[in-house]
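Colleague: no letters, just coordinates:
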C-alpha cells in the first residue's frame, strides 16, 4: 500500500532574534485563533514567521494545538531550537 509523504522544509532566517521552532513566552496576553485567551508568561513554540519577523505563529501546549498570531514585541525567547 503506497503512503504519501509530506515534507515541510523550514527556511532559516538567521537575522531574526526569534526563529522557527524556538520556545517563547508571552509578554502580553494574546487571543488565540479560536478566540481563547493566553495569559502573560504562557510558553509556546514558534511554528510560523510572518512579515519578516513582525509577527509569529505560536503553538501552545495547553490546550494542545492552540495557535495564536503574536506580534514580535509581545514575545520573549525562552530557548532557541536546536540547530
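Modeller: Here it is on my side, so go on. Just so you know, these numbers come straight off a predicted model, no measurement behind them. Numbering: from 1, shown residues only.
Colleague: give me the pLDDT for residue 62.
Modeller: With respect to pLDDT, residue 62 has a value of 87.
Colleague: next, it: phi, psi?
Modeller: Per-residue torsions, residue 62: phi -130, psi 110 (degrees, to the nearest 10).
Colleague: equivalent analysis for the one 10 residues further on, please.
Modeller: Taking degrees, to the nearest 10, you get phi -50, psi -40 for the backbone angles of residue 72.
Colleague: doesn't residue 57 make contact with residue 50?
Modeller: Yes. Between residue 50 and residue 57 a contact is recorded at 6.8 Å, counting by Cβ atoms under 8 Å. Glycine gets a C-beta too; all of them are placed from N, C-alpha and C.
Colleague: more neighbours: which of the two?
Modeller: residue 57 (17 against 13; other Cβ atoms under 10 Å).
Colleague: ok so, going back, which neighbours do residue 50 and residue 57 share?
Modeller: Counting by Cβ atoms under 8 Å, 6 or more residues apart in numbering, the shared contacts of residue 50 and residue 57 are residue 69.
Colleague: max-length strand in the chain?
Modeller: strand 43-50 (DSSP state E).
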